[in-house]
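Engineer: Task: produce atomic coordinates for the following.
(chains A and B)
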Amino acid sequence: MSGDLGLWTVPLAMIGGAIRVSTPFLFVSLGETITERSGRINLGLEGTLVLGAMAAYGTAVLTGSPWAGVAVAGLAGGVLGLLHGFVCSFPRVNDVAIGIALMLFGTGLAFFFGKPFIQPSAPPLPAIPFGAWSDLPQVQAALRVNVLFLAGAALSVALWWGLRNTRAGLVLRVVGDSADAARALGYDVDRVRLVATGAGGVLAGIGGAYLSLYYPGSWNEGISSGQGLMAVALVIFARWNPLACFGAALLFGGAGALGPALQSVGVSQGYYLFYAAPYVLTLALLIATSSPDRALAGAPGELSLSK
Amino acid sequence: MDATPSAIGVETIGMTKRFGAFAALDDVSMRIEAGGFHALLGENGAGKSTFVKCVMGFYAPTAGSVLVDGREAEITNPKGAQARGLGMVYQHFTLVPSLTGAENLVISRADAPAILDWKAERAALAAFMAGMPFRLNLDRPVAELAAGEKQKLEIVKQLYLKARFLILDEPTSVLTPDEAEEVLGLLRAMTDRGVLTVLMISHKFREVETFARSLSVLRRGRLVGGGAVGDLSRDDMAAMMIGERIVRPVAARVGEPDAAREILRIEGLDATDASGLRRIAITDLRVRAREIVGIAGVSGNGQKELADVLGGQIRAAGGRVAVAGAPYTGRRAQSRARRVRFIPEEPLRNACAPRMSVAENLAFRAFDRRDEDPSGPPTLWLDRRAMSRRAKDLIARFKVKTASSEAPIATLSGGNVQRAVLARELTDPVDLLIVVNPCFGLDFAAVSEIRTRIVAARNAGTAVLLISEDLDEILELSDRIVVMSDGRLVYETPAATAEIGTIGRHMAGHH
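Structural biologist: Numbers count the residues shown, from 1 in each chain, chains lettered A, B, ... in the order given. Presented below is the predicted three-dimensional model:
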């Protein structure tokens, strides 16, 4: 069958891959955008992602409902996020160090509780077959879009709108850009950051649910392979803009699908190099968007990495 | 703005503020009429900022009280001041950079709604701006605005928050002359209409004469004079600001500048600081051997940027810095080869590693050279013994008071940190010495000793570029004085024939 399409399989598989692979990137990067817009960086979202994946899978196995899994994943992520926000509200606590500690804590916790769930299989999240009009199985496969992807797309638009059209959005930006200005306006900087970190954790947890309940759709200890960390880099590349996060997540997802797509058309040599495409892309983007003379454009002024 | 608000008057009685034993403000009673445009003059550190901060409730005054519209007002914080109709525009901007002008205005309001109806807000803002003296684009992020626009937006924000008494802290320091004219002219018109009272801190006589109606002068925390603007000449104002100066005897100079040996040469230098706001453009500056060139100027006129370029902290956009005829960008190898030494301001922060020991800090110039000799060959291993021996020798020679050579340098007093830095920078032969505010915050003994060391280096043939905000220091040490204003060198005079009034006027921006 793939012979009919020839090399067209590669772009098609990449589009499909972009939609399939991008969802965790999207949720984690939206969560991290909220957190970083408040002036804090949470590197622990990798751990949150893995814990979310485990919690979702375990809950789905036990209750039979994937949506209950998503809810529990969000809850677990929120707790981890609030923990980060709470610890960081103490003076002279470094958010990057706490983030790394929580990353290890989150993954460790997930491995500890996740052992019994490696074998059983959980009901997957539903997907909508947008490709039903086509006879080609490749097109059908590429256009099977998961509900969480659509939710993430809607969320990025909503966040983009909310950051400029709601009081909460403006307050978040004020806190992230100038803590002094926020205090002068009478806002509690630590509290805003606590809520923002908690919300970021919820989204990262939901991103984890997608991993274990849809794609790849099982629970094991290597499920994330650093996607949570890459999403943090993605936020910088997206300049803290939720809409750009959506685009960047698609780009990363597409890059991640490059290796498998090439393999499927019979490129047998060096396709492992293409498996590294997302990592190379991360590095290349960070170098390309940096400058020795200027401060990072668009960076929230309170962020420790831009100070 | 339906009902036109009316201006309010403010009066202080016996305002005093002490920091420890030091009186930053000493019994200042000042009356600013409703609808007045009052200027507050004074040198750096004269107490102007302390005074307005006491009025705004940032500082609790040690003694004295504030009367708003004739009634005593207990103002304990800036919010309280705002509630009474007092507003202040600071020298540093308080706007949130990533928000647009409109967002900054709306969020500063105490009653901003949960979901912003931008259509309605925009209409309200447009109506408000129609009554404002400035046209501003409120849709761009503040970070993209030029300094002048930001300044206007700060003023507009205070008026949006219904300030009827406006304090401006050197409002034109970041404005071009035309912008300054526009902003102050429009504010003056508002005071004439009786809707606003303005208190403006300024260094610039021309502005004061053109726009203010009355003025007060502070010197060393005391109110030393004032009156209606027309009644005082510039010389009167300058005399009040500067006072009777006791010029200390000039440290003994030996020999004349060596006209044949030009050490530092800056041509067509163009640079901007990291924020992109302050630009310096230096057409021509030369320093010869056995010469001290003093750069005088009011703080924030580009001296820091000049020092940063010479120290290699910011890159020049154009032009040439040459030391002994070859290009110089502040690299370690260059400063070693051409024997350039640099003493930045606040040496503990900018020239030391505060937690490392005195001995280690003293070794920074030569720790990687054989036998601690800057001209020796490079070495991989630190020679701790030589380091400590050299440290003990320098500590004794420069009379650095420290518990031991192994104590962290941060435990030393300011004067002793500066002595240690001088010991490090001046022990080996030096061809060019760049010094920035070397005696800031030091006691008299340390001051005279450090100045003597600088003159001694000059007598030994070093070319010295002295950047200082202390005019006395410039007058005492320099062979030649250059005045820096607004990022440019605007006036030059040999120190022997220097006239303090002329220098002051150039510092204040009249060329």
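Engineer: Give me the residues contacting the lowest-mean-pLDDT helix or strand in chain B.
Structural biologist: Between all helices and strands in chain B, the lowest mean by mean pLDDT, DSSP states H and E belongs to helix B:234-242, at a mean of 79. By Cβ atoms under 8 Å, 6 or more residues apart in numbering or on different chains, the list of residues contacting helix B:234-242 from outside reads B:41-43, B:46, B:205, B:208-209, B:215, B:217, B:219, B:224-225, B:500-501, B:504-505. Using the backbone N, CA and C atoms, a C-beta is placed for each residue, glycine as well.
Engineer: Over to stretch A:157-176?
Structural biologist: Identification of contacts with stretch A:157-176 by Cβ under 8 Å, 6+ apart yields A:30, A:33-34, A:36-39, A:181-182, A:185, A:187, A:189, A:192-193, A:196, A:241-243, A:300-303, B:96, B:98-99, B:103, B:106-107, B:112-116, B:118.
Engineer: Please identify the buried residues of it?
Structural biologist: If you call a residue buried by 16 or more other Cβ atoms under 10 Å in any protein chain shown, then stretch A:157-176 has these buried ones: A:159-160, A:162-163, A:166, A:169-176.
Engineer: Turn those into JSON lines, including pLDDT.
Structural biologist: Listed next are the buried residues of stretch A:157-176 as JSON lines, based on pLDDT from 0 to 100:
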{"residue": "A:Leu159", "pLDDT": "96"}
{"residue": "A:Trp160", "pLDDT": "95"}
{"residue": "A:Gly162", "pLDDT": "95"}
{"residue": "A:Leu163", "pLDDT": "93"}
{"residue": "A:Thr166", "pLDDT": "94"}
{"residue": "A:Gly169", "pLDDT": "94"}
{"residue": "A:Leu170", "pLDDT": "93"}
{"residue": "A:Val171", "pLDDT": "93"}
{"residue": "A:Leu172", "pLDDT": "95"}
{"residue": "A:Arg173", "pLDDT": "93"}
{"residue": "A:Val174", "pLDDT": "93"}
{"residue": "A:Val175", "pLDDT": "93"}
{"residue": "A:Gly176", "pLDDT": "93"}
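Engineer: measure B:Ala260 to chain A for me?
Structural biologist: Going from B:Ala260 to chain A by Cβ to the nearest Cβ, to the nearest Å gives 38 Å.
Engineer: wait, what's in contact with B:Thr16?
Structural biologist: Residues in contact with B:Thr16, defined by Cβ under 8 Å, 6+ apart, are B:Ala23, B:Leu25, B:Asp26, B:Asp27, B:Val28, B:Pro61, B:Thr62, B:Ala63, B:Gly64.
Engineer: Kindly indicate which of those residues lies nearest chain A.
Structural biologist: For those, the residue nearest chain A by Cβ to the nearest Cβ is B:Pro61; the value is 20.7 Å.
Engineer: From the contacts of stretch A:157-176, which land in helices?
Structural biologist: For these, membership in helices holds for A:30, A:33-34, A:36-37, A:181-182, A:189, A:192-193, A:196, A:242-243, B:103, B:106-107, B:118, with DSSP state H as the criterion.
Engineer: picking up where we left off before, quick check on the contacts of B:Thr16: which are buried?
Structural biologist: B:Ala23, B:Leu25, B:Asp26, B:Val28, B:Pro61, B:Gly64.
Engineer: And the residues you listed, which is closest to B:Arg320?
Structural biologist: The nearest member of the buried ones among the contacts of B:Thr16 to B:Arg320, counting by Cβ to Cβ, is B:Leu25 at 46.1 Å.
Engineer: Check which helix or strand that closest one maps to.
Structural biologist: strand B:22-32 (DSSP states H and E).
Engineer: where's B:Gly185 relative to chain A, distance?
Structural biologist: Distance, B:Gly185 to chain A, by Cβ to the nearest Cβ: 29 Å.
Engineer: For the residue lying closest to that residue once chain neighbours are set aside, give its distance to B:Thr172.
Structural biologist: For B:Gly185, ignoring the flanking residues on the chain, the nearest one in space by Cβ to Cβ, 6 or more residues apart in numbering or on different chains is B:Phe211 at 7.0 Å. When distance is defined by Cβ to Cβ, to the nearest Å, B:Phe211 is 10 Å away from B:Thr172.
Engineer: residues near residue 115, how many?
Structural biologist: Chain wasn't specified; assuming chain A. Under the neighbour criterion other Cβ atoms under 10 Å in any protein chain shown, A:Lys115 is assigned a count of 12.
Engineer: wait, I meant chain B there
Structural biologist: Look at B:Ile115: counted by other Cβ under 10 Å, it has 11 neighbours.
Engineer: Which strand residues bridge it?
Structural biologist: Counting by DSSP bridges, B:Ile115 is bridged to A:Thr166.
Engineer: Would you give the sheet partners of the lengthiest strand in chain B, along with the direction of each?
Structural biologist: Secondary structure assigned by DSSP state E gives strand B:258-272 as the longest strand of chain B. Sheet pairing for strand B:258-272, assigned by DSSP bridges, gives strand B:279-289 (antiparallel), strand B:318-323 (antiparallel).
Engineer: are any of the contacts of stretch A:157-176 buried, and which?
Structural biologist: By neighbour count, with 16+ other Cβ under 10 Å, those hold A:30, A:33-34, A:36-39, A:181-182, A:185, A:187, A:189, A:192-193, A:196, A:241-242, A:300-303, B:96, B:98-99, B:103, B:106-107, B:112, B:116 as buried.
Engineer: of the buried residues of stretch A:157-176, closest to A:Pro24?
Structural biologist: Taking Cβ to Cβ as the measure, A:Pro24 lies nearest A:Leu159 of the buried residues of stretch A:157-176, at 16.8 Å.
Engineer: Output the host helix or strand of that closest one as CSV, nothing but the C-alphas.
Structural biologist: When secondary structure is defined by DSSP H and E, A:Leu159 falls within helix A:147-165. Taking Å, rounded to 0.1, in the frame of the first residue of the first chain, the C-alpha atoms of helix A:147-165 are listed here in CSV:
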residue,chain,number,x,y,z
VAL,A,147,-9.6,14.9,21.9
LEU,A,148,-6.8,16.1,24.2
PHE,A,149,-5.0,17.6,21.2
LEU,A,150,-8.1,19.6,20.3
ALA,A,151,-8.4,20.6,23.9
GLY,A,152,-4.8,21.7,24.0
ALA,A,153,-5.3,23.8,20.8
ALA,A,154,-8.3,25.5,22.3
LEU,A,155,-6.4,26.1,25.5
SER,A,156,-3.6,27.8,23.8
VAL,A,157,-6.0,30.2,22.1
ALA,A,158,-7.8,30.7,25.4
LEU,A,159,-4.5,31.4,27.3
TRP,A,160,-3.4,33.8,24.6
TRP,A,161,-6.6,35.7,24.9
GLY,A,162,-6.7,35.5,28.7
LEU,A,163,-3.2,36.9,29.1
ARG,A,164,-4.3,40.2,27.6
ASN,A,165,-8.0,40.3,28.3
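Engineer: Toward the C-terminus from it, list the very next helix or strand.
Structural biologist: Using DSSP H and E, the first helix or strand after helix A:147-165 is helix A:167-177.
Engineer: Quick one: work out the angle between that next one and helix A:147-165.
Structural biologist: Here helix A:167-177 runs at an angle of 80 degrees relative to helix A:147-165 (axes from the mean of the first three to the mean of the last three Cα atoms, to 10 degrees).
Engineer: Let's verify the closest residue to chain A within the stretch 351-500 of chain B: helix, strand, or coil?
Structural biologist: Proximity to chain A, evaluated over the stretch 351-500 of chain B using Cβ to the nearest Cβ, is greatest for B:Arg355 at 15.7 Å. Of the three states, B:Arg355 takes coil under DSSP: H, G, I helix; E, B strand; the rest coil.
Engineer: unless I'm mixing things up, it is touching B:Asn361, no?
Structural biologist: No: using Cβ atoms under 8 Å as the test, B:Arg355 is too far from B:Asn361 to be in contact (9.9 Å).
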